[in-house]
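Asks: Coordinates for the following, if possible.
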Amino acid sequence: MKFSLFTALSMVLCVLTSHSQAEAPEGFTNLFNAKDLSGWHGHNPHDTVKIAPKKRAEAIEGYQAAFNEHWSVDGEDLVNDGHGPYATTDKEYGDMEFWIEYKTVAQADSGIYLRGTPQVQIWDTTKEGGKWDIDADKGSGGLWNNTKGAPGYVPSANMDKPFGEWNAFKITQLGSRTSIVFNDTLVIDNAIMENYWDRTKPLPATGPIHLQTHGGEIRWRNIYVREVPAEEANAKLRGDDAAQGFTSIFNGKDLTGWKGATKHYEVRDGSIVCQEGHGGNLYTEEEYADFVVRLEFKLPPGGNNGLAIRYPGTGNPAYDGMTELQVLDDTAEMYNELDDRQYHGSVYGVAAAHRGYLRPVGEWNYQEVTVKGSTIKVELNGSVITDVDVNEINEYMGDNPHAGKTRAKGHFGFAGHNDPVMFRNVAIKKLD
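Replies: Here you go, the predicted structure:
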C-alpha cells in the first residue's frame, strides 16, 4: 500500500479516550471551551460561493444572528437544532489532525467540512432514515462529495453507533489526502478529497472547519485540533520506500550513480545541492521508461531548478528530453510575470501546474512524480498539481516545439539554474 507507514502511524493513534473539555490531548488545541461560541462563527459556504469575493465578509456577518439563535452550549456539548448556518472556525487550517465526537438523532444527517469543502459524511444509517439509495447504509465517515465510486467515497466499514451514543472521529488531513479513524476503525486511508467547488483543482491549501447543520439536532463535544508540521507531514505522506517498491538513487554521501554536471553540484547535509552561481544537468547513469520518483526539496528565496524527465544526456531537458518539471519559488517577486507554464510543477512551456501548494521558502517539500507513457502526474505535499497527457497538447510557450516530448526512455536528473536548491531522499520505482 502506498502510504503504509502513514497507515501504521494512524492506527497507533486510533485508541480513543474521553477527555474533559478543560484537558486537550497533548499537542492539541481545544476548539470548544464548553462555555460559549468563542472561536466560531456562522457561515454557509454554499451561499457565499455565489457571492463576489469582495462582498463575502459582509454576507458572513449577516449569518451571525441566526448562528446565535440555532447554536448553543448545553453543559459540555455544542448543540445545533438542525437549522441555521454552519458552525465555522474563525481560524483556517492546512495540514492537521482533527478530533471530534458527535451524537445525532433519527432522520438527521450532517457532515464535517475540511478546508471549507464538503465533507466527511454523517448519516442516519438506518433503513428508516430513507437514504440507502444514496449510500447511507455504508456508514458515516466517507468523503461523500467525492465522485461516486472514487477512493474514499464510502467508508471501508459501517461503524456507526446507535442513536443516543457518542461517535468519535479522528481525521488527518495532509494536502488533499484524508485519513479517518471512526469509532476506533480506520475507515478512510489516505484518499484524495476532491475539491467540490471546482473538481479541476486540488483541495484548497488552507480553509476553515465547518460543522454542518442538516435537519435534526446534533451535539458535538471534545473538539480538538493539532496542526501538523512540515517534516512530520512529509514523513507520513511518504511512508516506507522499500515496502512500496522504491529504490534509493542517492546515497546521501556522494554522487555515485550520477553523471553530467558533477562539478557544479555537491553533497551537503545529506542533500544534493546545486552550487550557487553554477548550473547544468546532473542525471542518473541509468535510464528509465515508466517510473515513479519521490523526493524532498528545499528552495532558497527565488530558487530555480528542475526535474529532468527522460533526458537523453545532451541538450536542454525541457526540449530535448520528455520535459523539465519546474522547481521554482513561485512566491518570488522576480517571477511575477512568468508564463503560467513556468511555475513550480509545470511541464515546462507545455502545461501549467496549480499554484499555491508549496511550503514556505526554507521548509522541505515532498513531491512524487509519476511518468507513464505520455502522461505526467505531479503530487506536491499531498495535492495533485499536475495531471496531463503531453501528447494531447500542441500549443507551447513562445511557440517553441518540444522535440523530445514523445521520448519513451531517458535519464532522470536535476536541471540547475545557478541557485542552491537542495534535494534529498530521492527514490524511484520502475513501472515497466
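Asks: and Arg177, what is it in contact with?
Replies: Contacts were defined as Cβ atoms under 8 Å, 6 or more residues apart in numbering; by that measure Arg177 touches 3, 190-193, 237, 382. (Each C-beta comes from the backbone N, C-alpha and C, glycine too.)
Asks: Ser346 and Leu325 touch, don't they?
Replies: Yes - if you go by Cβ atoms under 8 Å, Ser346 and Leu325 touch, sitting 7.2 Å apart.
Asks: Which neighbours do the two have in common?
Replies: Thr386.
Asks: export stretch 328-346 as CSV, just CAs?
Replies: The C-alpha coordinates for stretch 328-346 follow below in CSV (Å, rounded to 0.1, in the frame of the first residue of the first chain):
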residue,chain,number,x,y,z
LEU,A,328,10.7,27.2,-8.5
ASP,A,329,10.0,29.6,-5.7
ASP,A,330,6.6,30.8,-7.1
THR,A,331,6.4,33.5,-4.4
ALA,A,332,9.5,35.5,-5.5
GLU,A,333,8.6,38.9,-6.9
MET,A,334,11.1,38.4,-9.7
TYR,A,335,8.8,35.7,-11.2
ASN,A,336,5.6,37.6,-11.1
GLU,A,337,5.3,37.9,-14.9
LEU,A,338,6.1,34.4,-15.9
ASP,A,339,4.1,32.3,-18.3
ASP,A,340,1.8,30.0,-16.3
ARG,A,341,3.7,27.1,-17.7
GLN,A,342,6.9,28.2,-15.9
TYR,A,343,5.7,27.9,-12.3
HIS,A,344,6.5,25.1,-9.9
GLY,A,345,5.4,21.6,-11.0
SER,A,346,4.6,22.7,-14.6
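Asks: as a whole number, average confidence for that stretch?
Replies: Averaged across stretch 328-346, pLDDT comes to 97.
Asks: for that stretch, the distance to its chain's centre please.
Replies: Mean-position distance between stretch 328-346 and its chain equals 21 Å (Cα atoms, centre = their mean, to the nearest Å).
Asks: Parallel or antiparallel, list what pairs with the strand or helix carrying Val181.
Replies: Following DSSP states H and E, one finds Val181 within strand 177-182. Strand 177-182 has its sheet partners listed here by DSSP bridges as strand 167-174 (antiparallel), strand 185-192 (antiparallel).
Asks: Which residue ranges of the stretch 301-432 of the chain form helices?
Replies: For the stretch 301-432 of the chain, helices defined by DSSP state H, counting those that start in this stretch occupy the ranges 317-320.
Asks: ok, which stretches of it are strands?
Replies: 304-311, 323-328, 364-372, 375-380, 383-389, 410-417, 422-430 (DSSP state E, counting those that start in this stretch).
Asks: related to what we said a few turns ago, can you check which of the strands paired with strand 177-182 gets nearest to Ile428?
Replies: Nearest to Ile428, of all the strands paired with strand 177-182, is strand 185-192, at 20.8 Å by Cβ to Cβ.
Asks: quick one, that closest one and strand 375-380 angle?
Replies: Using axes from the mean of the first three to the mean of the last three Cα atoms, to 10 degrees, the direction of strand 185-192 lies 120 degrees away from that of strand 375-380.
Asks: I'd like the distance from strand 185-192 to the chain centre, please.
Replies: The chain centre lies 14 Å from the centre of strand 185-192; the measure is Cα atoms, centre = their mean.
Asks: List the first helix or strand encountered after that strand toward the C-terminus.
Replies: Using DSSP H and E, the first helix or strand after strand 185-192 is strand 210-211.
Asks: can you list the domains in the protein?
Replies: 4-229, 241-430 (automatic domain parsing).
Asks: show me the contacts for Arg221.
Replies: With Cβ under 8 Å, 6+ apart, Arg221 has these contacts: 21, 32, 34, 76-78, 100-102, 166.
Asks: Show me what it is bridged to.
Replies: Note on Arg221: beta-bridge partners by DSSP bridges are Glu101.
Asks: Would you pull up how far the strand holding Val181 lies from the middle of the chain?
Replies: Per Cα atoms, centre = their mean, the centroid offset for strand 177-182 relative to its chain is 12 Å.
Asks: what is the orientation angle of it with strand 383-389?
Replies: Going by the same axes, to 10 degrees, strand 177-182 makes 130 degrees with strand 383-389.
Asks: on that earlier part again, the domains of the chain: lowest mean pLDDT?
Replies: Across the domains of the chain, the lowest-scoring stretch is domain 4-229, with a mean of 92.
Asks: can you give me how far that domain is from the chain middle?
Replies: The chain centre lies 17 Å from the centre of domain 4-229; the measure is Cα atoms, centre = their mean.
Asks: can you check stretch 235-247 too?
Replies: 17 Å.
Asks: Looking at the strands of the stretch 301-432 of the chain, which is nearest to Ala352?
Replies: With Cβ to Cβ as the yardstick, what comes closest out of the strands of the stretch 301-432 of the chain is strand 383-389 (8.1 Å).
Asks: residues in contact with the closest one?
Replies: 175-176, 192, 202-203, 205, 325, 344-347, 350-351, 353-355, 357, 374-379.
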